[in-house]
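*Asks:* After the sequence you'll find the predicted model.
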Amino acid sequence: MSSEGWSVEQINTILQSTHYRELLRVALNERARTGRALSFAELSRRGGFRSRSFPRDVLGSTRGLTRESARRFAKAFGFPSVVSTYLYALVDLDREQESLELRKKAQVLQARAIRKIRARTENAPKNAFVLPEFSKVYAALGSPTRGATLEEIEKRTKLSRKELLRTLEALIESQLVVEEEGRWKAKQNILLFDNLSKHEFFQKVFLRRLKNAQVLAQTQFQRDDALFWESTFSISSKRLPELRVRLREVLGRFIEEAEEFEGDQISSVAVSFFPLD
């Protein structure tokens, strides 16, 4: 389940919406369908709206949304970051209907979100995970619709053709990538699973990332384009679960905003947050 109890199936249903009002209506119906109905009064209270009738007016098409009121709706529903980001894009799109750039942004966000939520822990691709470069290659595949050629993937990953073909073959066998007319396209996001900490393959990947970071820190600690950051601080143990969720959402938003499908560089983020018992 996602934050606030949103299941993968529910998120997928919500992300099919093409207008922010439709998205909110679908979310309201999904809550009711699973026995967690929200009244307009409760939505207003959770979102901190001044008017108790505001949520009803928005869904009834008599009032519109701004970025700020959209954030309040996202908070009231307890949306995961991928749904919140898509909601904001739909609001921007509605407010500037003639903006082709915003229209494309909303479409890209929807495609990326749907791709991310398809992965399930129980269906983890073992063949791909055992290869050291699988995530680098996957990240270099470009947009889900356009994909990338071998030359483009080579340029982004700096891998040899032999390493590249071996990894792509494993990704295809794991049903994560498809080859169409000389372009390799991602079918689903293999890095987002429901119970990451309990997944042995993710553990191996994470430890490999830490080892890579250690090597880089030992040789190129002063790089201007890299960040090495550490902090130890005092907090209440009761807040640890809450802060863990908040940190993951912040990181998720950062990656969603920073990612460029056609970028020329592959970067990695590995973060650990834990009590020093």
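*Replies:* Alright, I've got the coordinates. Numbers count the residues shown, from 1 in each chain.
*Asks:* Just list the residues touching the spatially closest residue to Thr66 that is not a sequence neighbour, thanks.
*Replies:* Take Thr66 and drop its neighbours on the chain: the residue closest to it by C-beta to C-beta, 6 or more residues apart in numbering is Val91, 7.1 Å away. Every C-beta, even on glycine, is put in place using the N, C-alpha and C of the backbone. Taking C-beta atoms under 8 Å, 6 or more residues apart in numbering, we find Val91 in contact with Tyr20, Leu65, Thr66, Arg67, Ala70.
*Asks:* Which positions in stretch 269-277 come out as buried?
*Replies:* For stretch 269-277, a neighbour-count test (16 or more other C-beta atoms under 10 Å) marks nothing as buried.
*Asks:* chain center to that stretch: distance?
*Replies:* In terms of C-alpha atoms, centre = their mean, to the nearest Å, the centre of stretch 269-277 is found 20 Å from the chain centre.
*Asks:* do stretch 53-60 as well
*Replies:* Remark: stretch 53-60 is offset 29 Å from the chain centroid, using C-alpha atoms, centre = their mean.
*Asks:* Now do Arg25, the pLDDT please.
*Replies:* Here the pLDDT value assigned to Arg25 is 94.
*Asks:* Doesn't the residue nearest to Thr66 belong to a strand?
*Replies:* No: assigned with DSSP: H, G, I helix; E, B strand; the rest coil, Val91 falls outside any strand and is helix.
*Asks:* burial count for the residue nearest to Gln10 when sequence neighbours are not counted?
*Replies:* Of all residues not flanking Gln10 in the chain, Glu30 sits nearest, at 4.8 Å (C-beta to C-beta, 6+ apart). Using other C-beta atoms under 10 Å, Glu30 is surrounded by 18 other residues.
*Asks:* ok, Glu30 touching Ile14?
*Replies:* Yes: here Glu30 reaches Ile14: they are 6.7 Å apart, a contact under C-beta atoms under 8 Å.
*Asks:* Neighbour-wise, give me the winner out of the contacts of Val91.
*Replies:* Neighbour counts for these, by other C-beta under 10 Å, peak at Tyr20, which reaches 24 neighbours.
*Asks:* tell me the contacts of that residue?
*Replies:* By C-beta under 8 Å, 6+ apart, Tyr20 lies in contact with Leu65, Ala70, Leu87, Leu90, Val91, Asp94.
*Asks:* tell me which of those residues is nearest to Ser81?
*Replies:* Nearest to Ser81 among those: Leu87, at 10.5 Å, using C-beta to C-beta.
*Asks:* Could you list the buried residues of the helix or strand the closest one falls within?
*Replies:* Taking DSSP states H and E as the definition, Leu87 sits inside helix 81-95. Of all the residues in helix 81-95, those buried under the rule 16+ other C-beta under 10 Å are 81-93.
*Asks:* looking at this protein, which helix or strand is least sure?
*Replies:* helix 126-129 (a mean of 56; mean pLDDT, DSSP states H and E).
*Asks:* Output the below-cut-off pLDDT ranges for the stretch 151-277 of the chain.
*Replies:* Across the stretch 151-277 of the chain, the ranges flagged by pLDDT under 70 are 188-202.
*Asks:* Do a quick rundown of the helices in the stretch 151-277 of the chain.
*Replies:* With DSSP state H, counting those that start in this stretch as the criterion, the stretch 151-277 of the chain has helices at 161-173, 200-220, 240-258.
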